[in-house]
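Novice: I would like to see how this sequence folds:
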Amino acid sequence: MKVVIVGGVAGGASAAARIRRLDESAEIKIFERTGYVSYANCGLPYFIGGEIENREDLTLQTPKSFKERFNIDVFVNHEVIKINKDKKTVLVKDLTKDYVFEESYDKLLLAPGAHPILPEVVGVGSKKIFTLRTVEDTFEIFDYIKSQKVKTATVVGGGFIGLEMVENLIKQKIKVNLVQKGDHVLNPVDFDMASLLHAELRKNGVNLLLNKNVVEFKETASGIRAVFEEGEEIESQIIILAIGVLPETSLAKDAGLELGEKGSIVVNERMETSEKDIFAVGDAVSIKHLVTGTRAVISLAGPANKQGRIVADNICGRNSKFVGGLGTSVLKLFSLTTGMVGLNESLLKRAGVNYEKVVLSPANHATYYPGAQAMTMKVIFDPKTEKIFGAQIVGYAGVDKRIDVIATAMFNNMKASDLKDLDLAYAPPYSSAKDPVNMAGFMIDNIVTGTVKQFYYEDLEEIKKDKNAFLLDTRTINEFKRGHADGFVNIPVDSLRKELSKLDKNKKIYVMCQSGLRSYIATRILMQNGFDAYNFAGGFRYYQIVHDEKCVSSKIMPCGMEIKNAKN
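Specialist: The predicted structure follows:
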């Protein structure tokens, strides 16, 4: 059996090694368009920042090591330019010699990955503009920064690569502008959760420019300018474009393979394309999204590696299936960690899906153990079926653990309230007896059973217009004096029972505290005494973060004016 693999990074390299482990006699050839094989895409920004010091560390294997360990022939700087399905051959171009030859196959695996999106604007071809996708891109950027003594940079696009580039440019003592077309960075999370990332970016000296659409690039004697739709311009010595990627499927399209979402290659559970004996994996394919049940492009290394293994099994006569993905991912941004899985609120709103959410700010471990840090969690679910739609977490230590637990629960179709029953590891340095995931489950259970009702940040403007609304802050007097949301009256939770006679049962009472716990206790006291009470999702800490960001992005200065001093 002869297997030809197009693309030798995550999915292609994984498939090749697995095929060899299953079939010692198979003839395996990998053709990789770049000069490197089996390299760590996700590590590329960290070489630019100096976190990864040696160039050799970016590649997990070389053509030589592949041959020695796996008896696999790897051809770098070789591009497959055509598939002949009828003859079961491919045309390959040796990019170093400008020579084209034909190669036959019994089984063909397409793992071409994705290509960076380039905006269709004047000046995008400037040599001072770079994208980051390959090892060569990394070295070009790194060498340019050193040779040109770059002190200022503009990153266009606030996704995973854009944010990682920002951090690593800052590590090189470069002043960075980050330009984002929308109102927040990192589209898989919602504005409220991204507010914490915005604060972290600004804290580290990043000039964050939101709601800015680049319409032109202009070279100057000292650098290059990005021109915005409003006519504003910003100049730096280098521009990094990181506005996203699209599946690299021109080869598949020319061969007549079925294409789907974003031009991706359509595959079944066995990673088979529409053509017999041709498989595809990785960023170039669309797969089943386990939340929506529809096809989606999920450009992540984890799914690509698993798909490579599955293809290898099926090529070697086994029956393996890729059931789908959730888009589980994690990002480091300076001192913060952000984890996300499934769908966010924005996507659910656009789809017209009814959902409920909980927002909480638990500590990463027992608060009495030194070093406890708060994380902000959001879990989104169906209030009727309790299907978990997605989750987002921003914090410090322990974020990755919690997002993985929720992803596992989603993969196994657990109900949202079942999170409360999970038996999770506990010791004071690592967690609390009630883990943050358990706490989310308790809160969800309270909502679906009617034990508590909630209101949200986005509801506050309308609530304040309601003459039958009473806004109650149940923190201590000193906490309240240090700052509170406009319109709230302070009655500490420990004094609430004594003050019940002063409250009007004809009014709806909206309750807030620092994290949501004391306001929940207050809400239960009120509800059991005949009041119509609602608990604020997230607490004042969350309110202040989101409110401050709303002020900054709306150019209301000084920010935080609505967070007033106490007037009992």
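
Novice: going forward, measure contacts and count neighbours with C-alpha atoms only.
Specialist: Noted.

Novice: Can you pull out the low-pLDDT segments for this protein?
Specialist: 553-568 (pLDDT under 70).

Novice: What about it, which residue is the most distant from its middle?
Specialist: Distance from the centre of the chain peaks at S501, with 48.6 Å (Cα atoms, centre = their mean).

Novice: what about it, which SS state?
Specialist: helix (DSSP: H, G, I helix; E, B strand; the rest coil).

Novice: can you check L257 too?
Specialist: coil.

Novice: For it, which non-adjacent residue is closest in space?
Specialist: Once flanking residues are discounted, L257 sits nearest to S274: 5.8 Å by Cα to Cα, 6 or more residues apart in numbering.

Novice: Spit out the contact partners of the one you found.
Specialist: Contacts for S274 (Cα atoms under 8 Å, 6 or more residues apart in numbering) come out as 257-258, 266-267.

Novice: For ChimeraX, write a command that selects the buried ones of the residues you listed.
Specialist: To isolate the buried ones among these in ChimeraX, judged by 16 or more other Cα atoms under 10 Å, type:
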select :257,266,267
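
Novice: between the contacts of S274, which is closest to A194?
Specialist: Comparing these against A194 with Cα to Cα places V266 closest, at 32.5 Å.

Novice: For the closest one, list each beta-bridge partner.
Specialist: Here V266 sits in beta bridges with S286, as judged by DSSP bridges.

Novice: Against G308, how distant is it?
Specialist: 15 Å (Cα to Cα, to the nearest Å).

Novice: same thing with M193?
Specialist: Counting by Cα to Cα - M193 and G308 are separated by 33 Å.

Novice: These two: which has the busier surroundings?
Specialist: Between M193 and G308, counting by other Cα atoms under 10 Å, G308 is the more crowded of the two (28 against 23).

Novice: pretty sure that one contacts D283?
Specialist: No: the criterion here is Cα atoms under 8 Å, and G308 misses it with D283 at 11.6 Å.

Novice: other SSEs contacting the strand or helix carrying K93?
Specialist: According to DSSP states H and E, K93 maps onto strand 89-94. When contacts are defined as 3 or more Cα pairs under 8 Å, 6 or more residues apart in numbering; DSSP states H and E, strand 89-94 packs onto strand 78-84, strand 99-104.

Novice: Looking at the ones you listed, which is nearest to E51?
Specialist: Using Cα to Cα, the nearest of those to E51 is strand 78-84, at 30.4 Å.

Novice: Outside of that closest one itself, list whatever touches it.
Specialist: Contacts of strand 78-84 (Cα under 8 Å, 6+ apart): 6, 31-34, 89-96, 251-252, 254-255.

Novice: how deep is K97 tucked in, by neighbour count?
Specialist: 9.

Novice: Can you name the residues that contact it?
Specialist: Contacts of K97 (Cα under 8 Å, 6+ apart): none.

Novice: now do A469
Specialist: 463, 507-510.

Novice: Distance to Y396 and secondary structure for these - can I get that in a markdown table?
Specialist: Formatted as a markdown table, those follow (distance: Cα to Cα, whole Å; DSSP: H, G, I helix; E, B strand; the rest coil):
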| residue | distance to Y396 | secondary structure |
| --- | --- | --- |
| I463 | 33 | helix |
| K507 | 40 | coil |
| K508 | 36 | strand |
| I509 | 34 | strand |
| Y510 | 30 | strand |
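
Novice: would CSV of these with neighbour count and distance to K550 be doable?
Specialist: Listed next are these as CSV, based on neighbours: other Cα atoms under 10 Å; distance: Cα to Cα, whole Å:
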residue, neighbour count, distance to K550
I463, 16, 18
K507, 16, 29
K508, 18, 26
I509, 22, 25
Y510, 23, 21
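
Novice: surely I141 meets F130?
Specialist: Yes: the criterion here is Cα under 8 Å, and I141 meets it with F130 at 7.0 Å.

Novice: was I right about G123 contacting E216?
Specialist: Yes: between G123 and E216 a contact is recorded at 6.2 Å, counting by Cα under 8 Å.

Novice: out of the contacts of S274, who's nearest D548?
Specialist: Using Cα to Cα, the contacts of S274 come closest to D548 at V266, 44.0 Å.

Novice: Contacts only, for the closest one.
Specialist: Counted by Cα under 8 Å, 6+ apart, V266 has contacts 257-260, 273-274, 285-287.

Novice: which two from the residues you listed end up farthest apart in space?
Specialist: It's L257 and I287 that sit farthest apart of the contacts of V266, by Cα to Cα, at 15.4 Å.

Novice: Now whichever strand or helix holds I545: buried residues?
Specialist: For I545, the host element (DSSP H and E) is helix 539-553. Judged by neighbour count (16+ other Cα under 10 Å), helix 539-553 contains these buried residues: 539-551, 553.
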